[in-house]
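J.: Turn this into a structure:
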Amino acid sequence: MAQFLLKSTAFEQGGRMPRKYTCDGKDISPPLFWTGVPEKTASLALIVNDPDAPRGDWVHWVVFDMPGSRRELPEHLPPTDKIEGGGVQGLNDFGKVGWGGPCPPSGMHGYLFTLYALSFPLDLSARATRDEVVKACQGKILSTARLTGMYARGRDTSI
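T.: Coordinates of the predicted model:
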């Protein structure tokens, strides 16, 4: 069986995220794609968080109930409850639907993109929180793929 992998064309695993995906740039979601999805995957869920945040773990993006056949999320996904091609967006810790880009107050932070292959859809309401999604995932996780992007304000001049 192929390894379940999450990648981006915008940055490498452990690499610096380009400024345009942050509060210092256009604050748009990065393009993501994945391979090796387990055969019996019914749905996919994505959570992006910053465990280095000063107030504790900060959630930047929640997406769930994507079809198991989906293999990517395009760059600049609109901040709507439902996404084209299937899926629902939840609330981030900025209190908004969709992507909320990195905006660390100081120092280098790691942003963890975690994609869950699930045996069943979660059937949660749009605007569900990370905690609600994580709780609903219990007992349904077939596999997990991770990607980490790094960012520090004032240090990245790429557009």
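
J.: okay, CA-based contacts and neighbour counts for the rest of this
T.: Will do.

J.: Phi and psi next, for Y21.
T.: phi -90, psi 10 (degrees, to the nearest 10).

J.: list the contacts for it?
T.: For Y21, the contact set (CA atoms under 8 Å, 6 or more residues apart in numbering) comprises D27, I28, S29, P30, G101, P102.

J.: all helices for the protein, in order.
T.: Per DSSP state H, the chain has helices spanning 130-137. These are given in chain order.

J.: where does it dip in pLDDT?
T.: Filtered on pLDDT under 70, the chain yields the residue ranges 1, 155-159.

J.: follow-up on the earlier one: what is the most widely separated pair among the contacts of Y21?
T.: The distance between the two most remote of the contacts of Y21 (CA to CA) is 11.3 Å, for P30 and P102.

J.: which of these two has more neighbours?
T.: Summary of the neighbour comparison: P30 and P102, criterion other CA atoms under 10 Å, with P102 having more neighbours (27 against 21).

J.: so that one touches K20, yeah?
T.: No. Between P102 and K20 no contact is recorded; they are 10.0 Å apart, counting by CA atoms under 8 Å.

J.: Can you give me the neighbour number for E39?
T.: Count around E39 with other CA under 10 Å applied: 12.

J.: show me what contacts the closest residue to R16 other than its chain neighbours?
T.: Computed as CA to CA, 6 or more residues apart in numbering, the closest residue to R16 that is not its neighbour in sequence is M150, at 4.5 Å. By CA under 8 Å, 6+ apart, the contact set of M150 is G14, G15, R16, M17, M108, H109, G110, Y111.

J.: Just the buried ones among those, please.
T.: Neighbour counting over those (16 or more other CA atoms under 10 Å) leaves R16, M17, H109, G110, Y111 as the buried ones.

J.: can you list those residues in TSV and add distance to D50?
T.: Below are these laid out as TSV (distance: CA to CA, whole Å):
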residue	distance to D50
R16	14
M17	13
H109	7
G110	6
Y111	5
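
J.: Show me those that map onto strands.
T.: H109, G110, Y111 (DSSP state E).

J.: Relative to K7, how far out is the first one?
T.: It refers to H109. The gap separating H109 from K7 is 18 Å, by CA to CA, to the nearest Å.

J.: for the last one, same thing?
T.: In this view, Y111 and K7 are 13 Å apart by CA to CA.

J.: Next: Y116.
T.: Taking CA to CA as the measure, Y116 falls 14 Å from K7.
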